[in-house]
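Colleague: one predicted model, sequence on top.
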Amino acid sequence: MAKTYSMDSLKEKLGELLDAIPKGSSVVYLDYPLYGNVGDLLIMKGTEAFFQNYGIKVCERWNAENFNPGRKIAKDVIIVCQGGGNFGDLYPHFQQFRERVIKHYPENRIVILPQSIYYENEEHIKISKQILESHPDLYLFTRELASFQFANEHFQKVKHIRMMPDMAHQLWPIEPTENPVAPVLRLIRTDKEANSNLQKETEQDTYDWNVILSDRDKRGIKRLQTLNMLNKKAGNLLPVASYWKRYSDYLVTKSIGFFSRYESVVTSRLHGHILSCLLQKENVVIDNSYGKNANYYNTWMKDIPYTKLIQHQTEKEPAVQR
């Protein structure tokens with residue numbers, strides 16, 4: 001019989017990460033997002049909440065741009081890599097960063113937090129397989145059933161492959177910060193994962209994460225990205241991670257306020273769906289280009305009472321009442 005999940009039990013499920021990152025551990029947290037994708041920021045905030053809730057000490061925080069593989073890390077420190085949906089060759093920069101880390105630190109435990117996996121090229125799978133299977137103490141947490149099955153099929157010698165919900169569930173519950181003043185928010189992705197067969201991108205009052213953020217917000221992000229690169233050249237003397245924590249708190253709080261102003265949500269962004277559920281808002285999730293949203297929904301979210309999935313062209317996006 002298939003297991004059913006609630007928002008409470010999904011947060012509780014994340015406690016099983018303690019098998020890989022025990023309470024009181026010291027960790028280096030790698031690949032935190034220094035950009036304006038609010039979904040990835042929610043993952044980061046959930047990860048930081050997990051560390052705090054379970055007394056895990058974060059010795060250092062590095063993003064993919066300012067960390068130098070080869071930097072000395074004590075053998076008893078666990079390297080923890082950000083979760084998300086960029087494992088594979090769709091976003092090669094982040095995958096190549098993870099693989100460099102795995103190659104450089106064979107004596108450290110490495111934990112890859114829950115990821116969705118997607119490859120377009122068989123040769124890239126072989127490269128990843130060789131690197132992942134060479135590490136003696138690697139934990140790969142996959143974010144839904146399809147990725148879990150893929151990892152077990154292709155990375156057979158990785159001893160620890162588990163399935164776990166997205167780290168943003170650690171933020172449950174989130175209280176709305178404003179009262180609803182509009183019926184439906186349409187948050188529709190406009191990038192390479194957009195599903196043109198299912199979603200309507202050109203409807204009036206359609207948003208994506210980059211639309212929710214103002215030009216001033218984007219300039220703030222750009223300034224911190226520039227500071228991050230200059231800081232690397234100077235030997236990483238400034239606490240950029242601390243600066244970014246405060247600014248990303250503001251960006252996430254702003255996004256929560258934006259969602260709070262709507263009674264319900266229609267979205268093709270996975271974290272538009274997850275944030276709606278964290279806020280206990282009725283929502284419809286439209287599948288993305290390669291099935292990530294549907295795989296996640298069917299693995300964890302299908303029993304959440306106020307959600308619906310659109311996966312096929314025969315299923316219509318609900319009309320937006322204005």
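Modeller: Yep, it's here.
Colleague: what about the strands in the chain?
Modeller: 26-30, 57-62, 78-81, 84-88, 110-118, 138-142, 160-163, 182-187, 206-207, 262-267, 282-286, 307-310 (DSSP state E).
Colleague: okay, and the beta partners of the most centrally placed residue in the chain?
Modeller: Among the residues of the chain, the one closest to the centroid is residue 84, at 3.0 Å (Cα atoms, centre = their mean). Beta bridges link residue 84 to residue 115, judged by DSSP bridges.
Colleague: pLDDT of stretch 36-49, averaged?
Modeller: On average, the pLDDT along stretch 36-49 is 97.
Colleague: ugh, wrong one, I meant stretch 191-208
Modeller: Average pLDDT, stretch 191-208: 70.
Colleague: just the endpoints, please. Distance across that stretch?
Modeller: Start-to-end span of stretch 191-208 (Cα to Cα, to the nearest Å) is 10 Å.
Colleague: next: stretch 277-286.
Modeller: 15 Å.
Colleague: pull out the buried residues from it.
Modeller: Within stretch 277-286, the residues scored as buried using 16 or more other Cβ atoms under 10 Å are 277-286. Bear in mind the C-beta positions are built from the backbone N, C-alpha and C, glycine included.
Colleague: just the closest of those residues to residue 242, please.
Modeller: residue 278 (25.2 Å; Cβ to Cβ).
Colleague: which residue, neighbours along the chain excluded, lies closest to that closest one?
Modeller: Taking Cβ to Cβ, 6 or more residues apart in numbering, and ignoring the residues beside it in sequence, residue 278 has residue 174 as its nearest neighbour in space, at 4.4 Å.
Colleague: how about stretch 134-145: buried residues?
Modeller: Going by neighbour count (16+ other Cβ under 10 Å), the buried part of stretch 134-145 is 135, 138-144.
Colleague: swap in stretch 261-269?
Modeller: Buried residues in stretch 261-269, defined by neighbour count with 16+ other Cβ under 10 Å: 262, 264-269.
Colleague: farthest pair within those?
Modeller: Across these (Cβ to Cβ), the longest gap, 15.8 Å, separates 262 and 268.
Colleague: what about the helices in the stretch 151-300 of the chain?
Modeller: 209-212, 215-233, 240-260, 270-278, 292-296 (DSSP state H, counting those that start in this stretch).
Colleague: quick one: which of these is nearest residue 96?
Modeller: For these, proximity to residue 96 was assessed by Cβ to Cβ; helix 215-233 is nearest, at 17.4 Å.
Colleague: how about the closest one as CSV, C-alpha atoms only?
Modeller: Coordinates of each C-alpha in helix 215-233 appear next as CSV, following Å, rounded to 0.1, in the frame of the first residue of the first chain:
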residue,chain,number,x,y,z
ASP,A,215,14.8,46.2,-10.4
ARG,A,216,16.2,47.4,-7.1
ASP,A,217,16.2,43.9,-5.7
LYS,A,218,18.1,42.7,-8.8
ARG,A,219,20.6,45.4,-8.5
GLY,A,220,21.2,44.4,-4.9
ILE,A,221,21.8,40.8,-6.0
LYS,A,222,24.2,41.9,-8.7
ARG,A,223,26.2,44.0,-6.3
LEU,A,224,26.6,41.1,-3.9
GLN,A,225,27.6,38.8,-6.8
THR,A,226,30.2,41.4,-7.9
LEU,A,227,31.4,41.7,-4.3
ASN,A,228,31.6,37.9,-4.1
MET,A,229,34.0,37.7,-7.1
LEU,A,230,36.2,40.6,-5.9
ASN,A,231,36.3,39.0,-2.5
LYS,A,232,37.5,35.7,-4.0
LYS,A,233,40.4,37.5,-5.7
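Colleague: angle of it against helix 240-260?
Modeller: 160 degrees (axes from the mean of the first three to the mean of the last three Cα atoms, to 10 degrees).
Colleague: quick one: helix 215-233 to chain centroid distance?
Modeller: Its chain's C-alpha centre and that of helix 215-233 lie 21 Å apart, by Cα atoms, centre = their mean, to the nearest Å.
Colleague: quick check: mean pLDDT across that helix?
Modeller: The average pLDDT within helix 215-233 is 97.
Colleague: if you count neighbours, what's buried in that helix?
Modeller: 217, 220-221, 224-225, 228, 231-232.
Colleague: first to last residue in stretch 4-23, what's the distance?
Modeller: 27 Å.
Colleague: no no, stretch 285-300
Modeller: Using Cα to Cα, the two ends of stretch 285-300 sit 13 Å apart.
Colleague: pretty sure the residue nearest to the centre of the chain sits against residue 41.
Modeller: No - at 10.6 Å, residue 84 does not count as touching residue 41 under the criterion of Cβ atoms under 8 Å.
Colleague: shared neighbours of the two, which are they?
Modeller: residue 33 (Cβ atoms under 8 Å, 6 or more residues apart in numbering).
Colleague: thinking again about what came up before, switch the buried residues of stretch 261-269 over to CSV; also include pLDDT and distance to residue 206.
Modeller: Putting those into CSV (pLDDT from 0 to 100; distance: Cβ to Cβ, whole Å) gives the following:
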residue, pLDDT, distance to residue 206
262, 97, 13
264, 97, 15
265, 97, 12
266, 95, 9
267, 94, 10
268, 94, 10
269, 94, 12
